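1. Here is the input, now give the coordinates:
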Amino acid sequence: MSTQQKQRPITWGIVWSLLFALMSFYWASGGMLGVNTLGPEISRQAVLRDGGFIFIVWLTAVAKVAGALVLLALKINWNKALIGGAFRIAAMSGGVLLFLYGLFNLVAVLLMMVRVLNLPAIDSYSAWWRLFFWEPFWMIGGLLYFVAGRSARAGERRQPEL
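-> Residues are numbered from 1 along each chain as shown. As a prediction, this is how the structure comes out:
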């Protein structure tokens, strides 16, 4: 795998993270476009500008930027293998967690739509958005993080030792 090929999932993961962070910064700042796709309870808290809720939205935006920084660290050729390894493990672990979060939510929304589960925080409008956009978006991000960590590892293994 060439260095450029190794960098692609890292770059796309950074783009994914920053786009996701921008959405959160927009909503935390009072933007309302797209909030109703998340569910009526989230929309209600956004309209009310509930302080605790808005604080959490700011925190999630910062966490998404932090994730982009972890991926950016994979592009650095660290002198210490332990440091590079820590960033690879963080990226892959984060990727697994992001993917599972999206997958479990996807299954929950599906179960709600077939009336096996009752999720009052989600209405039919937001359920479709979550099913076809939000949960797959989380899962794609998880795959990008995991592949970024794996590709950084594969590229590092091929470097000659001095």
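
2. longest helix in the protein, by residue count?
-> helix 81-113 (DSSP state H).

3. Tell me which residues of the next helix-or-strand element following that one come out buried.
-> For helix 81-113, the succeeding helix or strand toward the C-terminus, using DSSP states H and E, is helix 124-129. By 16 or more other CB atoms under 10 Å, the buried positions in helix 124-129 come out as 126, 127, 129. Bear in mind the C-beta positions are built from the backbone N, C-alpha and C, glycine included.

4. what would these look like in TSV with distance to residue 40 and pLDDT?
-> Shown next, in TSV, are those (distance: CB to CB, whole Å; pLDDT from 0 to 100):
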residue	distance to residue 40	pLDDT
126	7	96
127	11	96
129	12	97
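
5. Just the closest of those to residue 2, please.
-> Using CB to CB, residue 129 comes nearest to residue 2 of those, at 37.9 Å.

6. In this structure the closest one contacts residue 42, no?
-> No - look at residue 129 against residue 42 with CB atoms under 8 Å: they stay out of range, at 11.4 Å.

7. returning to what we had before: of the buried residues of helix 124-129, closest to residue 64?
-> residue 129 (19.0 Å).

8. quick one: the nearest residue to the closest one once chain neighbours are set aside from residue 11, how far?
-> Leaving out its chain neighbours, the residue that sits closest to residue 129 by CB to CB, 6 or more residues apart in numbering is residue 37, at 3.8 Å. Here residue 37 is placed at a distance of 27 Å from residue 11 (CB to CB, to the nearest Å).

9. Residue 35 too?
-> Distance from residue 35 to residue 11, by CB to CB: 29 Å.

10. just to revisit the earlier point, pretty sure the residue nearest to residue 129 sits against residue 131.
-> No - contact criterion CB under 8 Å: residue 37 and residue 131 do not qualify, at 10.9 Å.
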